[in-house]
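*Asks:* okay, here's the prediction I keep looking at, along with the sequence it came from:
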Amino acid sequence: MKRLLAIGTTLFLALPAVALASVESGEEEKFNPASEWTLHPWVEINIGPIDMSINKAVAYLLLGTVVSCVIGIVLMRVKVGSEPSKRQALGETIYEVAQVQIAEQGLPTKAIGRWFPYVASLMVFIWVVNMIGFIPLPLSDEKWKIWGVEVPTLAIFAATSTLSVTLALAFMTWMFTHIEGIRANGVMKYLKSWIPDVPKALYPLIIPLEILGQFMRLISLSVRLYANMLAGHMLILTFIGLIFLVTPWIFPFSVLLASVFYLFEVVIVVSIQAYIFAALSAIYIGSAIEPEH
Amino acid sequence: MLSSFFLLAETTGDVADAGKAIALALGIGLGALGAGVGIGNIFGSMIQAVARQPELRGELQGIQWLGFALTEAVVFYGLIGGLLAYVLV
């Protein structure tokens, strides 16, 4: 309880600092929370027509990759002793969630060995990227001067709140689903397994719907994660932004609300979305390997 | 009656912006309506299930959160639709 209070107070003090910093840089600008999602390229890399520039989202992704690698190495590469240390216990908890809750629920037993690493790393990676999205980091596009040096303002931004990132992740799962389905069943048998048991007269209606449904999986999987993170960040930014839109004296009220949403996102949404993405990936791949009929 | 209705529409100025704002609000609001019912259903059923068979709690929890996230996402589909209407159209 004490710890929660401490976190709450820190947030209460830290969150408006982010907003106040931004007011120094652009004084007459109209406040618009959506401007946080315009990505300016930091390092321009263009390969042909493909824009591979490094921007804020890419920086967050790289950071997330490094952090999830470190988490894997630190928590999983422990000497297993008779007295489990805290590190080992935490690592085992994460492993158990990935094994029992995700892999064993979705994947058939023969495919666990092959696909457990994929779903487990999806879970850890998405969790980490979501989580560092809620830690104020000096990685924003806005700059402010501190003792004559231009420093990026502290800001919260999640790479998973851009559609490209989640679409790439979802596309990976989607491709693996079909590759595994074809590998395990053969092309014709796999395609036939899409069609449910219905009278033959309904086929012209059902077949286009089922094919559309396969593509809808791609959209629903990516948009679920994207929109969840986008809405979370947007809510927090909007409540802080009320300071500029209404009156500065609203800040105790708006920052309190922003903190409540912040805690809700950090405690519940971040973990649930990571879990859901991995679990649905496992279920999709599993159902392609072993169709129900 | 009808003429006064049209008068109202003429005097309110930027109707396009108002329409966008209504689209955004309806997108979120109607999405939240459905998801609210759905999430209530899920947790209600979970409470009933655990009350009847407390030993199944662990197994049910995974399914519960899966259902929760799948239902909750409906709001965000509405939100994205509303945002698209607000920003792009």
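*Replies:* Arrived safely, thanks for sending. Everything numeric in this text was worked out from a predicted model, so none of it was measured. Residues are numbered from 1 along each chain as shown, chains lettered A, B, ... in the order given.
*Asks:* for chain B, what helix or strand is lowest in average pLDDT?
*Replies:* Ranked by mean pLDDT, DSSP states H and E, the weakest helix or strand in chain B is helix B:2-11, scoring a mean of 54.
*Asks:* ok, and the closest non-adjacent residue to the closest residue to chain A within chain B?
*Replies:* Nearest residue of chain B to chain A, counting by CB to the nearest CB: B:Phe76, 3.2 Å away. Heads up, the C-betas are built off the backbone N, CA and C, glycines and all. In this structure, B:Phe76 finds its nearest non-sequential neighbour in A:Ala227, 3.2 Å apart by CB to CB, 6 or more residues apart in numbering or on different chains.
*Asks:* then B:Gly29?
*Replies:* B:Gly78 is the one closest to B:Gly29 (CB to CB, 6+ apart), at 7.9 Å.
*Asks:* buried sites along the strand or helix carrying A:Arg183?
*Replies:* Assigned by DSSP states H and E, A:Arg183 belongs to helix A:163-185. For helix A:163-185, a neighbour-count test (16 or more other CB atoms under 10 Å in any protein chain shown) marks A:163, A:165-167, A:169-170, A:173-174, A:176-178, A:180-181, A:184-185 as buried.
*Asks:* quickly find the element holding A:Glu150.
*Replies:* Using DSSP H and E, A:Glu150 falls in strand A:149-152.
*Asks:* swap in A:Trp144?
*Replies:* If you go by DSSP H and E, A:Trp144 is part of strand A:143-146.
*Asks:* tell me how far that strand is from the chain's mean position?
*Replies:* 29 Å (CA atoms, centre = their mean, to the nearest Å).
*Asks:* what number of residues lie near the nearest residue to B:Ala25 once chain neighbours are set aside?
*Replies:* In space, and not counting its chain neighbours, B:Ala25 is closest to B:Gly82: 7.3 Å by CB to CB, 6+ apart. Burial measure for B:Gly82: 22 neighbouring residues, criterion other CB atoms under 10 Å in any protein chain shown.
*Asks:* just B:Leu60 next, same as before
*Replies:* Neighbours around B:Leu60, by other CB under 10 Å: 14.
*Asks:* now do A:Ile276
*Replies:* Neighbours around A:Ile276, by other CB under 10 Å: 24.
*Asks:* go on, A:Lys189?
*Replies:* A:Lys189 - counted by other CB under 10 Å - has 12 other residues nearby.
*Asks:* now swap in the one 3 residues further on and tell me
*Replies:* Applying other CB under 10 Å, we find 12 residues neighbouring A:Lys192.
*Asks:* so how far is chain B from it?
*Replies:* The gap separating A:Lys192 from chain B is 27 Å, by CB to the nearest CB, to the nearest Å.
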